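[1] Mind looking at a prediction? Sequence and model below.
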Amino acid sequence: MNDCIVIIPTYNEIENIESIIRSVLSQHKPFHILIVDDNSPDHTADRVRLLQTEFGGRLFLENREKKSGLGTAYVHGFKWALSNGYDFVFEMDADFSHNPNDLEKLYDACHFGNADLAIGSRYVTGVNVVNWPLNRVLMSYFASVYVRLITGMKIHDATAGFICYKREVLENIDLNKIRFVGYAFQIEMKYRTFCKKFNIVEVPIIFTDRTKGESKMSNSIIVEAVFGVISLRLKKLVNSL
């Protein structure tokens, strides 16, 4: 059995889904993919089912009843991956903002290097972002600065969503306690990993904004991140994280 599963949450990604699946499955390393779709009205899941007839045991689909947030989709995927025996579990967007060619860099950092969690980082070697407006870059960059100040994590890209986890990390985090769904979810997972004393390594990547489909960013996600970081730190201080 393959040891790597790439989890891709989707909601209305019909314009991207076939291309991203084909690109991931064409990599030199034979990754598997789990699509967690939130009952997309554009029939993203139907396209995945069609591709399953071509890719057989490498492409899997979990179709949830309604849109329930990025964080819950990943937690669903994590539990599925653990129950199906995968040793390296990846987070990845469907819109090509994360380059599938970088998957092996993250894998190498965990399998051959000393990383327990490898982050595809936009900011560890400067600002490596393409096609984002300046206000979006500044918001993302200074969000990570804010997270470092509050939590003490020495991470340049705390909101990154391109990740490789070793199985042991996910097994040692109580996934039922994960509460956040957007940027804050990404921060929460890294902070819980940090608090468990696992080694976190940032691998430089170039992040390219989507060219098809619509961003899922909203004001509520930003607010959740701002106050969520403080909540996480307070929980840690009183040993309730």
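    Thanks, I have it.
[2] Average pLDDT for stretch 141-149, rounded please.
    Taken as a whole, stretch 141-149 has an average pLDDT of 86.
[3] which parts of that stretch are buried?
    141, 143-144, 146-147 (16 or more other Cβ atoms under 10 Å). C-beta: built from backbone N, CA, C; applies to glycine.
[4] swap in stretch 65-80?
    Those buried within stretch 65-80 under the rule 16+ other Cβ under 10 Å are 67-78, 80.
[5] what is the mean pLDDT for it?
    94.
[6] Name the surrounding residues that touch that stretch.
    7, 9, 11, 34, 36, 38-39, 60, 62, 64, 89, 91, 161, 165, 170, 175, 178-182, 184-185, 188-189, 216 (Cβ atoms under 8 Å, 6 or more residues apart in numbering).
[7] Stretch 97-117 too?
    Against stretch 97-117 from outside (Cβ under 8 Å, 6+ apart): 4, 6, 20, 23-24, 26-29, 31, 88, 90, 92, 118-120, 161-166, 168-169, 190, 193, 198-201, 203, 205-210.
[8] That one: end-to-end distance?
    20 Å (Cα to Cα, to the nearest Å).
[9] Show only the entries of the contacts of stretch 65-80 found in strands.
    Taking DSSP state E, the ones among those that sit in strands are 7, 9, 34, 36, 60, 62, 89, 91, 165.
[10] doesn't residue 93 make contact with the first one?
    No: judged on Cβ atoms under 8 Å, residue 7 makes no contact with residue 93 at a distance of 10.5 Å.
[11] Show me the shaky parts of this structure.
    Within the chain, the stretches with pLDDT under 70 are 1, 210-226, 238, 240.
[12] quick one, helices of it?
    With helices called from DSSP state H, the chain shows them at 17-25, 44-55, 70-83, 103-111, 134-151, 167-171, 183-195, 219-237.
[13] Which strand residues bridge residue 10?
    For residue 10, the beta-bridge partners under DSSP bridges are residue 37.
[14] Would you check how far apart it and residue 44 are?
    5 Å (Cβ to Cβ, to the nearest Å).
[15] Residue 205 now?
    25 Å.
[16] Same question for residue 29.
    25 Å.
[17] out of the buried residues of stretch 65-80, who's nearest residue 131?
    Set against residue 131, the nearest of the buried residues of stretch 65-80 by Cβ to Cβ is residue 70 (20.9 Å).
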